[in-house]
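Visitor: Fold the following, please.
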Amino acid sequence: MSAVDDLLEEHGTTYAEQAGIRLRDTPSPLYRLLVLTQLCAIRIRADTAVAAARELSAAGWRTPDAMARSTWQQRVDALGRAHYVRYDESTATALGEAADLVRERWRGDLRRLREEAGGAPAAIGRLLQEVPRIGPVGADIFRREAQLPWPELRPFFDRRALGAAARLGLPETPDGLAELVPAHDLARLSTALVRAALAG
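Guide: All right, here's what the predicted structure looks like:
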């Protein structure tokens, strides 16, 4: 087994996979990834954010319309069940505001965000940062995971992933890392590097 195989074996589950999201280029999985990104975009353990994403999904809020129909208190309660506590009230507000934005600006379909950006990775990142709670780190999280259904994002490796690659003696550029795995494993490799950095 190569070092990359070992890395993928130990750390190669994407956060979307962990949250039970089967990523496809369709509205609901992309919206669920956006919600997961909002939950991960603050200083909280990734496992807690993933648990919160699962809880919101289990409540049936898998589309911006469904999220918008939920009450603020229902969202707070769902986050509490996942032990997503210190930020539960502000996050419940951000989730409602983001659902409204996605419905109004992109008619509930993040593929329209992709179209507005012309498929350009940097423009996609800028538009994502218009969503409440998502800054540069959040935009990186979304693009890292979304490179599976949105191939124009490939290869996407953020600074943290590239730093981990350097420490592990792997190529230090996105193109160099892309040569190590098939295109469908790029999100897994990028996530594995981030997880390795967090674990180290």
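Visitor: phi, psi of Trp61?
Guide: phi -90, psi 70 (degrees, to the nearest 10).
Visitor: Just list the residues touching it, thanks.
Guide: The neighbourhood of Trp61, defined by Cβ atoms under 8 Å, 6 or more residues apart in numbering, consists of Val35, Met67, Ser70, Arg75, Ala78. From N, CA and C alone the C-beta is placed, and that goes for glycine too.
Visitor: Recalculate using a threshold of 6 Å.
Guide: If you count contacts by Cβ atoms under 6 Å, 6 or more residues apart in numbering, Trp61 has them with Met67, Ser70.
Visitor: Ala78 now?
Guide: By Cβ under 6 Å, 6+ apart, the neighbours of Ala78 are Glu55, Leu56, Ala59.
Visitor: Of these - the most surrounded one?
Guide: When neighbours are counted by other Cβ atoms under 10 Å, Leu56 leads those with 28 neighbours.
Visitor: could you point out where the protein is predicted with low confidence?
Guide: Scanning the chain for pLDDT under 70 picks out 1.
Visitor: Remind me which helix or strand Phe156 belongs to.
Guide: Here Phe156, judged by DSSP states H and E, is contained in no helix and no strand.
Visitor: Tell me the spacing between it and Leu23.
Guide: Counting by Cβ to Cβ, to the nearest Å, the gap from Phe156 to Leu23 is 13 Å.
Visitor: one step back: so which of the contacts of Ala78 belong to helices?
Guide: Among the contacts of Ala78, the members falling in helices (DSSP state H) are Glu55, Leu56.
Visitor: ok, back up a step: neighbour-wise, which of Phe156 and Leu23 wins?
Guide: For Phe156 versus Leu23, neighbours defined as other Cβ under 10 Å are more numerous around Phe156 (22 against 19).
Visitor: Would you mind listing the outside residues contacting the longest helix along the chain?
Guide: The helix that spans the most residues within the chain, counting by DSSP H, is helix 88-106. With Cβ under 6 Å, 6+ apart as the test, helix 88-106 has contacts from 38, 64, 67-68, 72, 75-76, 79-80, 112-113, 131-133.
Visitor: what helix or strand is the nearest residue to Arg144 once chain neighbours are set aside on?
Guide: Excluding the flanking residues, the one nearest Arg144 by Cβ to Cβ, 6 or more residues apart in numbering is Ser190, at 4.8 Å. Element membership for Ser190 (DSSP H and E) is helix 186-199.
Visitor: Just give me the neighbour total for Ala3.
Guide: 11.
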